[in-house]
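Novice: got a predicted structure plus its sequence, pasted below:
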Amino acid sequence: MKKKKSARLPQALGSGLAGALVLTAIHETARRISPDAPRMDVLGMRGLRKILNQTDAPQPDHDTLFNLTMAGDILSNGLYYSLVGRGKKVWRRGALLGLAAGVGGVVLPGPLGLGEAPSNRTRQTQLMTVAWYLLGGLAAAGASRLWSKSRK
């Protein structure tokens, strides 16, 4: 018997959230340890400031900006990784989505006017950026598989 489509949504969202939390934990831990660690938090804060400037909205203080950025990162990455979904090719989808996000994290900030240094400063920074987004995608895939097994 096939599960209802509505039963798939909590699994997709939950596994996406798991991937986003793993990614954020890696980023936040590494930035405190390594000077070459990607600073996606800086890119996020720059992006949020840019949006607030364009809308003439008040600028929050640094701590509020950081917290809003972290919440936005977890939400947006969670929704993105929820595309991993479920099924037989979940590991492949997780890897491909993670790699695409990692490459985008290296390539897109410059053209978007956010600066290149936070994710593109050294070869090591670039590799960490791609690897960590890949790990987020694989964490989402793993969470999806665990969810599937626990529901059987």
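Specialist: Received it, and whenever you're ready, just let me know what you need. Quick caveat, the model's predicted, so the values are computed rather than measured.

Novice: helices along this structure, start to end?
Specialist: Using DSSP state H, the helices assigned to the chain run over residues 5-33, 40-54, 62-81, 90-107, 117-120, 123-150.

Novice: tabulate those helices (a markdown table), appending mean pLDDT.
Specialist: Shown next, in a markdown table, are those (pLDDT from 0 to 100):
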| stretch | mean pLDDT |
| --- | --- |
| helix 5-33 | 91 |
| helix 40-54 | 96 |
| helix 62-81 | 97 |
| helix 90-107 | 97 |
| helix 117-120 | 93 |
| helix 123-150 | 94 |
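
Novice: can I get these in a markdown table including mean neighbour count?
Specialist: C-beta coordinates here come from the backbone N, C-alpha and C atoms, glycine included. Formatted as a markdown table, the helices of the chain follow (neighbours: other CB atoms under 10 Å):
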| stretch | mean neighbour count |
| --- | --- |
| helix 5-33 | 17 |
| helix 40-54 | 17 |
| helix 62-81 | 16 |
| helix 90-107 | 19 |
| helix 117-120 | 20 |
| helix 123-150 | 20 |
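
Novice: find me the pLDDT at residue 87, would you?
Specialist: We have a pLDDT of 78 for residue 87.

Novice: need the phi and psi values for it.
Specialist: Main-chain dihedrals, residue 87, degrees, to the nearest 10: phi 120, psi -170.

Novice: burial of it, as a residue count?
Specialist: 12 (other CB atoms under 10 Å).

Novice: pull the contacting residues for residue 91.
Specialist: 138, 141, 145 (CB atoms under 8 Å, 6 or more residues apart in numbering).

Novice: list the contacts of the closest residue to residue 99 other than its chain neighbours.
Specialist: Closest residue to residue 99 in three dimensions, ignoring its sequence neighbours and counting by CB to CB, 6 or more residues apart in numbering: residue 134, at 5.5 Å. With contacts taken as CB under 8 Å, 6+ apart, residue 134 has the following neighbours: 95, 98-99, 102.

Novice: cheers, nothing more for now.
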